[in-house]
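1. the following comprises the amino acid sequence and a computationally predicted model.
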Amino acid sequence: MHVPNIPPLIYFAIPFFVITVIIEGLIIAKHSPKSYNIKDSLTSISTGLIGNVFIGLASKAIVLFLFTYVWEHFRIATIPFAWWSWLLIFFLDDFAYYWFHRISHKSRIFWASHVVHHSSQEYNLSTALRQTWTGGFYSWIFWIWLGFIGFHPLMILTQMSISLIYQYWIHTELINKMPKWFEFIFNTPSHHRVHHGSNPLYLDRNHAGILIIWDRIFGTFQPELAEEKVIYGLTTNIKTYNLLRIAFQEWGTLFTDAFKAKTSFVNKLKYLIKPPGWKHDGSGILSEDMLEEWKKKHD
Ligand SMILES: [Zn+2]
Ligand SMILES: [Zn+2]
């Protein structure tokens, strides 16, 4: 099988990220000098650099090994590098991403790493770079099946990078809405602003990577409403620029909650699996409870 020489795309994208973050920052600062939080952006950039370049190197090596192992020993077919297989993996990767991302919001062991991406109260291109340090070590479980059905590891990893790069430009307030047909099919700045909202109406909506159609199909789509301005960040914000706290705080509270709870071992395990906010005694407040409360007030 012919394996093409595909470079690690994400490293080539870094200069483009840096230049566009600066240009966006200058445009925002020109309109109102106080409205751009440079410290927050530097925090996001540092998080991304450490998470994707240094730690990412280790996690990617593990993932490459696992995908290769599965592909070499367990694949049920051999899918070549061809136009149709790229088209196929575009949809399959995006489908995998949707479920990975949806579960990252609904199960605390995944939320503990994904929360990093939502920890900024700002929303600009630099926010896109605020990436987890820990997720790369276990989020591969949502993609490993692509190796089983016969996609080459390089093809899977390349498509994952393309998806990550696509999701960069949607982290901006400078673009209001794209043309209607585009908003219908693709993930856009408007759709993703909703995803970063802490407003009850916007919680756990729009998990798409490239195609917003998955949210439309599986019932998690929420359009951005003019009357409901997005409040970015978490329902309880961590308010820190400390990289270690941003990367690990939720892991700390997760294990504290599980160990300290005076309850059965099974219930302790449930703290790992259940959604953020869940408590074994039923006193926890989940995102759907917040929405319910919000709806009562708005009737
Ligand atoms: Zn998310
Ligand atoms: Zn985002």
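-> Arrived safely. Ligands and ions are numbered 1, 2, ... in the order given.
2. okay, CA-based contacts and neighbour counts for the rest of this
-> Will do.
3. other residues contacting stretch 269-280?
-> Stretch 269-280 has contacts (C-alpha atoms under 8 Å, 6 or more residues apart in numbering) with 105-109, 111, 254, 257-258, 261, 263, 267-268, 284-287.
4. show me which residues of it are buried.
-> 270, 271, 272, 273, 274, 275, 276, 278, 279, 280 (16 or more other C-alpha atoms under 10 Å).
5. pick the one among those closest to residue 239.
-> Nearest to residue 239 among the buried residues of stretch 269-280 is residue 276, at 18.3 Å by C-alpha to C-alpha.
6. what kind of secondary structure is that closest one in?
-> Secondary structure of residue 276, reduced to three states by DSSP: H, G, I helix; E, B strand; the rest coil: coil.
7. just the pLDDT for it.
-> If you check residue 276, the pLDDT there is 97.
8. go on, the one 3 residues further on?
-> The predicted local distance difference test score for residue 279 is 96.
9. related to what we said a few turns ago, please indicate which of the contacts of stretch 269-280 are buried?
-> Buried by 16+ other C-alpha under 10 Å: 105-109, 111, 254, 257-258, 261, 267-268, 286-287, out of these.
10. now render those as TSV, adding distance to residue 23, pLDDT and secondary structure.
-> Below are the buried ones among the contacts of stretch 269-280 laid out as TSV (distance: C-alpha to C-alpha, whole Å; pLDDT from 0 to 100; DSSP: H, G, I helix; E, B strand; the rest coil):
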residue	distance to residue 23	pLDDT	secondary structure
105	31	98	helix
106	35	98	helix
107	37	98	coil
108	36	98	helix
109	36	98	helix
111	32	98	helix
254	38	97	helix
257	43	96	helix
258	44	95	helix
261	48	92	coil
267	49	95	helix
268	48	96	helix
286	38	97	coil
287	36	96	helix
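11. quick check, pLDDT for residue 298.
-> As predicted, residue 298 sits at a pLDDT of 87.
12. from residue 292, how far out is it?
-> Going from residue 298 to residue 292 by C-alpha to C-alpha, to the nearest Å gives 10 Å.
13. residue 32 now?
-> Per C-alpha to C-alpha, residue 32 is found 37 Å from residue 292.
14. compare these two (neighbour count), which wins?
-> The neighbour comparison of residue 32 against residue 292 (other C-alpha atoms under 10 Å) goes to residue 292, with 14 against 9.
15. what count of nearby residues applies to residue 219?
-> For residue 219, using other C-alpha under 10 Å, the count is 11.
16. coming back round to it: quick check, nearest of the buried residues of stretch 269-280 to residue 152?
-> Closest approach to residue 152 among these (C-alpha to C-alpha): residue 273, at 30.8 Å.
17. quick check: pLDDT value at that closest one.
-> Residue 273 is given a pLDDT of 97.
18. one step back: for the buried residues of stretch 269-280, which one is nearest residue 197?
-> residue 276 (15.7 Å).
19. quick revisit: including distance to residue 22, could the buried residues of stretch 269-280 go into JSON lines?
-> Below are the buried residues of stretch 269-280 laid out as JSON lines (distance: C-alpha to C-alpha, whole Å):
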{"residue": "270", "distance to residue 22": "43"}
{"residue": "271", "distance to residue 22": "41"}
{"residue": "272", "distance to residue 22": "39"}
{"residue": "273", "distance to residue 22": "39"}
{"residue": "274", "distance to residue 22": "39"}
{"residue": "275", "distance to residue 22": "36"}
{"residue": "276", "distance to residue 22": "34"}
{"residue": "278", "distance to residue 22": "40"}
{"residue": "279", "distance to residue 22": "43"}
{"residue": "280", "distance to residue 22": "46"}
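20. between those, which sits nearest residue 250?
-> Proximity of the buried residues of stretch 269-280 to residue 250 (C-alpha to C-alpha) peaks at residue 276, which lies at 9.9 Å.
21. look up how far residue 127 lies from that closest one.
-> Plainly put, residue 276 is 22 Å away from residue 127 if you go by C-alpha to C-alpha.
22. got it, and residue 273?
-> From residue 273 to residue 127 the distance is 27 Å (C-alpha to C-alpha).
23. repeat for residue 2
-> Note on residue 2: its distance to residue 127, by C-alpha to C-alpha, is 38 Å.
24. about what we covered before: any idea which of the buried ones among the contacts of stretch 269-280 is the one closest to residue 225?
-> Nearest member of these to residue 225, counting by C-alpha to C-alpha, is residue 287, at 18.8 Å.
25. pretty sure that closest one is touching residue 202, no?
-> No - applying C-alpha atoms under 8 Å, one finds residue 287 not in contact with residue 202, separated by 9.5 Å.
26. nice, that's everything, thank you.
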